[in-house]
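Participant: Below are the sequence and a predicted model; questions follow.
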Amino acid sequence: MVDLESEVPPLPPRYRFRDLLLGDQGWQNDDRVQVEFYVNENTFKERLKLFFIKNQRSSLRIRLFNFSLKLLSCLLYIFRVLDDPTKGNACWGCSNQNYTTIDWTPVIWVRRSLPLWGLQVTVALISLFETMLLSYLSYKGNIWEQILRISFFLEIINTVPFFITIFWPPLRNLFIPVFLNCWLAKHALENMINDLHRAIQRTQSAMFNQLLILISTLLCLIFTCICGIQHLERAGNNLSLFDSLYFCIVTFSTVGFGDVTPKIWPSKLLVVIMICVALVVLPIQFEQLAYLWMERQKSGGNYSRHRAQTEKHVVLCVSSLKIDLLMDFLNEFYAHPRLQDYYVVILCPTEMDAQVRRVLQIPMWSQRVIYLQGSALKDQDLLRAKMDNAEACFILSSRCEVDRTAADHQTILRAWAVKDFAPNRPLYVQILKPENKFHVKFADHVVCEEEFKYAMLALNCICPATSTLITLLVHTSRGQEGQQSPEQWQEMYGRCSGNEVYHIVMEESIFFAEYEGKSFTYASFHAHKKYGVCLIGARREDNKNILLNPGPRYIMNSTDTCFYINIIKEENSTFKKQEEEERTRASNSFYQGPSRLPVHSIIASMGTVAIDLHDTGCRSSSGPNLTLPADGSKGGRRPSIAPVLEVADASSVQTCDLLSDQSEDEAAPSDDEESTREEYIKGYPPNTPYIGSSPTFCHLLRDKVPFCCLRLDKGCQHNCHEDAKSYGFKNKLIIVSAEAVGNGLYNFIVPLRAYYRPKRELNPIVVLLDNPPDLHFLEAICWFPMVYYMVGSIDNLDDLLRCGVSFAANMVVVDKESTMSAEEDYMADAKTIVNVQTLFRLFSSLSIITELTHPANMRFMQFRAKDCYSLTLSKLEKKEREKGSNLAFMFRLPFAAGRVFSISMLDTLLYQSFVKDYMISITRLLLGLDTTPGSGFLCAMKITEDDLWIRTYGRLYQKLCSSTGDIPIGVYRTESHKLATSESQISVNVDYCEDTKETKDTFGYRNNHRNSTSSDQSDRPLLRKKSMQWARRLSRKVPKHFSKTEEKISKQRMSLCKRSERQELAELVKNRMKNLGLSTAGCEGMNDHQNMLSYILINPSPDTRLELSDIVYLIRPDPLAYVPKDPDSRKSSVGNNTGVGQDETQL
């Protein structure tokens, strides 16, 4: 093989030594060559082309000059006509003559004065020179392309004759059709408009251009017809210029009076030609104009710069605009008084559908909402929407897309495009998947749908109806829903639903200014006692973090921002003192009914609420209202409630130490529980499935569980359990059914394993999945105690029984992504609704929490076709919707009880953030998505018989604030109601009564009788009653010689007839469990909860009566805020997690 290095010739010696001393400088100086670029543009022709054609500004000046020349030539022609009023004009030096026939002399020859001729010749020469120069510069190798243009022909006709008259004076009075320059002026005007928009760097409107062309074409036709008829009639009727104008207007307007008409055939022929040209040209122009108008109506036109500078507007960017989304946005956005003067500009890439078009034609919205068809990725469309002048931009995702990740990608690109175009505009972004949230962290406010959804569904299992509580808080309402209802629960529930979260600086507040220097719990209790407002949080002036219930150690400052719950904000309230006798009468009145209206009168108006003030003095701890019942010593309770201290001392702080309270249940565990609890530690989860999840202190395992042990229904080498019952859980299960695992499902587990949940109250979690989970999800959940998964579907009864649905406390059904889109929008929930209805019928005692795509479909949850009370609620919903309520669905029993939820109801959270920029932060703190040091958390407590001595909500408020530092914010109440009984139950009762009457008959006479147990009998109880009486009378007449086998069959049939539908379903479930080899021990029966209704009272009045089984929502102080920061103790709790490696995060 030849050596390659030997083939390379060595460098000359002169380069070696010089390069060593001087580098490459000497070599570069020797071989450098200067190259000139764009030398072709240095020629004379290219310089002229650059000035006359390429340069926008100079070209615009040239075209403006050309347009002025054409108009000047037309004006000179009119002046020549007015200066030549005589009939006929002979040739050069000839006298005027009169002819009985057509005299062509006046047509060929005209009278033109010398100054006028000089001006026309000058204009013609300039126009001819310009035309020749532009033709030369535009020449591209084909000379005929330049010559055969109509504009070139017109220029030659109007300029060359004048050039000839310079050298031949007898032709100076020759007629030249200079009026045809109007068409050249029209052509120059079109080019000038194009250059104008190019010069100012703005895109012209096609509608404006087409309208300009139409108007200029119409004017040119009329002007040509006027001048042509006037000149030809010089040989006939000798019409004046005004008469010719009159004739053309009357003719083109199709009026045709006939008083002025052409007399000779050339002028008549010209009229015919002009009419034919008009019939061809004008319809084409009108058609193009109409097409552009229709397209502009579809695209929405532009939002003018003048309006953007003088008016306030926000931009709503969506992929596809649905009527529900539009109405939710408009109703919530315009519910705030200070937003009434804002305009909403909708930027959507699709065309408006019929429903949206009809709504936007309503006068209330047509004057406020502007629809623009366009894309947020195009700067032109963002300029049309005047994004750089907008007050804010809302970017919403399309949750009905089959591929939700692709929908998020589109939202991310829109957010990036808006941020690039208008970096200073506030951005409000809605994202679907939590793993995509970090791409839009630059936005001012971000709402991740799956984060909020799963956290809310998880808290529903611990704090009932948390979803309803949050939904009511983030909706704007005046609390006027249900006030005309005859039922008291609807009136109270509707009034309390008007409570929202507001904020005010403490020194500017009447509610809280007097509590400066006092503890937070003291200010919260006395503000609620005096004004009926619930203080839930505060924020320091120098800190951006909001603290929910920072506890009794937090001292209020005058510059603090206070966050409170009330019917209306303080700025729209007025205050008046209540009369002394009314206070005395109210204090001495006895309680009637389950609850009473608030003592303080709330006069709701458009912007003002008058609140009667109570006496602020604290009641004596030994007052008669705080005495215990006769057996009050039971339970060891004190006979009074301690007052809330202005500043917490050491003893009160110890009572607020919730870590010690929670550890009381672990003080003396049993032997079988002790080994299990030693495996639990408190720490931060070592593996998070996505970027951007907030770290939460949780209950964890010391060692992660092998993946095989996470499978509930399959045993492995570590355990042999194959169903939920065999595990022997102490607490009931929480089952969540989903189509596939998502990173948002992680937020369902974290709130249920938070550190402030007592260990003995942790519920096992079973995730029922249609598709197997991936390893990333298993790696994230393997550190949490009692979390399992199972592959199955809620369509299959066997899967439900294996995962322990008969022993579960809650069943959470998550809406499936594959069913979110359907041909008919509202049919997207059909499968979920039917499956949940089946669960409701099979397991009536199971608490089922369902997520739906469309809130309107919640009326089908727990559907009873012949329930009169449900029909009454349906009518109430329609009435509230007609009144314009934003919460017309709130009286549906499944929603009021927190059994159904739709994530679209949380869209208002993003809309409210435009006015209340703190709402997203407060909601995340309530749901446990964010954990701020010193901020409390949402929990609940149940009122037992031992707690009824407290009697009222106000006294409970004092008890909690003085003992544990908790702040109550509402009550979840369940009460019995006399609902209409279904007809199937009536038929069963009739059978039972009839059978008891026949007990005195002998058993032998109960023979085989045929009766139907179908739904026809359940629908007609009276008919069933008569048929059974007839069958029994008939059986008495039958002889008594039947065998024992027939008697046994008859007995079985009678037992089947007496069995209700619920008993049949319970028997079906038990038989199926036996076939699967599952234990039926402890399986709950079919409890009837149809006569129970539940609802929420947000921030009720202090004198609201407490009832047995009431669940009170509490904001409990952060337990870690009262624990000494001992590094050794902290290391012991989380020391085992330091060695756990972080897994690769899924993006």
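Facilitator: All right, it came through fine.
Participant: which strand in the chain runs the most residues?
Facilitator: Secondary structure of the chain read by DSSP state E shows that its longest strand is strand 967-976.
Participant: Sheet-wise, list the partners of that strand with their directions.
Facilitator: Strand 967-976 has the following sheet partners, assigned by DSSP bridges: strand 1092-1098 (antiparallel), strand 1111-1116 (antiparallel).
Participant: for residue 356, phi and psi?
Facilitator: Here is the backbone geometry of residue 356 (degrees, to the nearest 10): phi -60, psi -40.
Participant: how close does the residue nearest to residue 264 when sequence neighbours are not counted sit to residue 938?
Facilitator: Distances taken as Cβ to Cβ, 6 or more residues apart in numbering put residue 236 closest to residue 264, at 3.8 Å, once the chain neighbours are dropped. The C-beta positions use only the backbone N, C-alpha and C, and glycine is treated the same way. Residue 236 is 98 Å from residue 938, where distance means Cβ to Cβ, to the nearest Å.
Participant: isn't residue 915 right up against residue 336?
Facilitator: Yes - between residue 915 and residue 336 there is a contact at 5.1 Å, judged by Cβ atoms under 8 Å.
Participant: helices and strands of this protein: which one has the lowest mean pLDDT?
Facilitator: None of the helices or strands of the chain scores lower by mean pLDDT, DSSP states H and E than strand 609-613, at a mean of 36.
Participant: Pick out the residue nearest the middle of this structure.
Facilitator: residue 907 (4.3 Å; Cα atoms, centre = their mean).
Participant: Name the SS class of that one, please.
Facilitator: At residue 907 the chain is in helix, as set by DSSP: H, G, I helix; E, B strand; the rest coil.
Participant: Neighbours of the closest residue to it other than its chain neighbours, how many?
Facilitator: Nearest residue to residue 907, sequence neighbours excluded (Cβ to Cβ, 6+ apart): residue 328, at 5.5 Å. By other Cβ atoms under 10 Å, 19 other residues sit near residue 328.
Participant: Make sure residue 328 is actually in contact with residue 904.
Facilitator: Yes - if you go by Cβ under 8 Å, residue 328 and residue 904 touch, sitting 7.1 Å apart.
Participant: Distance of the residue nearest to the centre of the chain relative to residue 75?
Facilitator: 63 Å.
Participant: cool, residue 167 as well?
Facilitator: To residue 75, residue 167 is 26 Å away according to Cβ to Cβ.
Participant: More neighbours: the two, which one.
Facilitator: A side-by-side neighbour count of residue 167 and residue 75, using other Cβ under 10 Å, places residue 75 first with 12 against 7.
Participant: Checking my notes, residue 641 in a helix, right?
Facilitator: No - counting by three-state DSSP, residue 641 is located in no helix; its state is coil.
Participant: can you tell me how far it sits from residue 947?
Facilitator: Applying Cβ to Cβ to residue 641 and residue 947 gives a distance of 12 Å.
Participant: So which of the two has more stuff around it?
Facilitator: Counting neighbours by other Cβ under 10 Å for residue 641 and for residue 947 shows that residue 641 has the greater number, 23 against 18.
Participant: What values do phi and psi take at the more buried one?
Facilitator: According to degrees, to the nearest 10, residue 641 has phi -110, psi 130.
Participant: same thing with residue 168?
Facilitator: The phi/psi pair for residue 168 (degrees, to the nearest 10) is phi -130, psi 90.
Participant: what about the stretch 701-850 of the chain, any weak spots by pLDDT?
Facilitator: 818-825 (pLDDT under 70).
Participant: Do a quick rundown of the helices in it.
Facilitator: 746-752, 775-781, 797-802, 830-842 (DSSP state H, counting those that start in this stretch).
Participant: same check, this time on the stretch 351-500 of the chain
Facilitator: 354-360, 363-366, 379-384, 404-421, 449-462, 466-474, 488-496.
Participant: The fifth one to helix 466-474, inter-axis angle?
Facilitator: Helix 449-462 and helix 466-474 meet at an angle of 120 degrees, taking axes from the mean of the first three to the mean of the last three Cα atoms, to 10 degrees as the criterion.
Participant: Check which helices and strands helix 449-462 sits against.
Facilitator: helix 466-474, helix 746-752, strand 808-813, strand 847-852, strand 900-902, helix 919-927, strand 937-942 (3 or more Cβ pairs under 8 Å, 6 or more residues apart in numbering; DSSP states H and E).
Participant: hmm, back to that, so can I have CSV of the strands paired with strand 967-976 showing mean pLDDT?
Facilitator: Shown next, in CSV, are the strands paired with strand 967-976 (pLDDT from 0 to 100):
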stretch, mean pLDDT
strand 1092-1098, 90
strand 1111-1116, 94
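Participant: For the ones you listed, give me a markdown table that also has distance to residue 759 and mean neighbour count.
Facilitator: Conversion of the strands paired with strand 967-976 to a markdown table gives the following (distance: least, Cβ to Cβ, whole Å; neighbours: other Cβ atoms under 10 Å):
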| stretch | distance to residue 759 | mean neighbour count |
| --- | --- | --- |
| strand 1092-1098 | 28 | 22 |
| strand 1111-1116 | 17 | 22 |
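Participant: ok now do residue 901, which residues does it touch?
Facilitator: Residue 901 is in contact with 453, 456-457, 460, 467-468, 471, 849-852, 895, counting by Cβ atoms under 8 Å, 6 or more residues apart in numbering.
Participant: Could you pick out the longest helix of the protein?
Facilitator: Criterion DSSP state H: the longest helix present in the chain is helix 265-299.
Participant: Skip the chain neighbours and tell me the closest residue to residue 518.
Facilitator: residue 646 (4.8 Å).
Participant: so the one you found makes contact with residue 520?
Facilitator: No - applying Cβ under 8 Å, one finds residue 646 not in contact with residue 520, separated by 11.0 Å.
Participant: So which of these two has more stuff around it?
Facilitator: It is residue 520, of residue 646 and residue 520, that has more neighbours when counted by other Cβ under 10 Å, with 28 against 15.
Participant: The more buried one and residue 535 touch, don't they?
Facilitator: Yes - at 7.4 Å, residue 520 counts as touching residue 535 under the criterion of Cβ under 8 Å.
Participant: Run a quick neighbour tally on residue 428.
Facilitator: Counted with other Cβ under 10 Å, residues neighbouring residue 428 total 23.
Participant: Next one: it from residue 692, what distance?
Facilitator: Counting by Cβ to Cβ - residue 428 and residue 692 are separated by 17 Å.
Participant: how much space between residue 544 and residue 470?
Facilitator: Residue 544 is 22 Å from residue 470, by Cβ to Cβ.
Participant: Looking at those two, which is more packed in?
Facilitator: residue 470 (23 against 8).
Participant: Could you double-check that that one sits in contact with residue 456?
Facilitator: Yes - under the criterion of Cβ under 8 Å, residue 470 makes contact with residue 456 at 6.2 Å.
Participant: Mutual contacts of the two, please.
Facilitator: 906, 927.
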